[in-house]
Every structure is written in C-alpha cells, then in structure tokens.
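Asker: got a structure for you, letters missing:
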C-alpha cells in the first residue's frame, strides 16, 4: 500500500462516516426542534383549555343571572297588571274600592262597607 492509497482510503471512509454523522446530527436537531414545537403547542393547548373552562363558567353564571332577572321582570309585570286591574276609576269618592274586589278585600271589609260601596242609591259613590 502506498501513501496515496492510504490517504484515499482515509478520505473515502472518513467522508462516509462524516456524511453519516452530519445526517444524524441534522436528524437529531430536527427531532429536538419538533419536540420544542410540540411542547410549546401543548402548553398553548393547556392554557386554552383553562381559559375555555373559565369562560364557560362565566357564561353559565350570566345565564343564571339572566334567568333571575327574567323572573323578577315577570313578577314586576304581573304586579303592574294586577295593579291596573284593581285600580279604582271613581274620582272624589270616599269609598275608593277597586272595581275588581278579590277575596282578600272581601274578608277585610264588613258587609255594610261592601253594600255601601255598591249602593248607587245614596249618590255618594
């Protein structure tokens, strides 16, 4: 073996080894880069899940509040409508009784008061 053949063999075998090592380093770097990207995306995913849960709870509380406000509004509208029905339309009347007397009012009024309110003959109603 002469010197040129040894140098040629060294260069050829070293070239293959270095080519293999370079390819392996690129693959390792690529895998490391992919792992970093995966970790970043996983963290973003977890953060979004936490945010989604928080926002879902907030929306649920708002719907509960809306239901409560609807119930209050319904009660207020019912009370207003009942007040309009029970409003007395007589002016300058000493016996102001709503035109629609419910059972509660009848229990509180005596028979004389009820007769006096609806007695049109006295001219004071």
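Answerer: The structure has been received and is ready for your questions. Bear in mind that the values here come from a model prediction, so they are computed numbers and not experimental data.
Asker: Could I get the pLDDT score of residue 124?
Answerer: Looking at residue 124, its pLDDT is 47.
Asker: what does residue 4 give?
Answerer: 72.
Asker: show me where this structure has helices.
Answerer: 3-86, 103-108, 111-118 (DSSP state H).
Asker: Could you list the low-pLDDT ranges of the protein?
Answerer: 1-3, 5-7, 9-22, 88-125 (pLDDT under 70).
Asker: repeat that with 90
Answerer: 1-30, 79-125 (pLDDT under 90).
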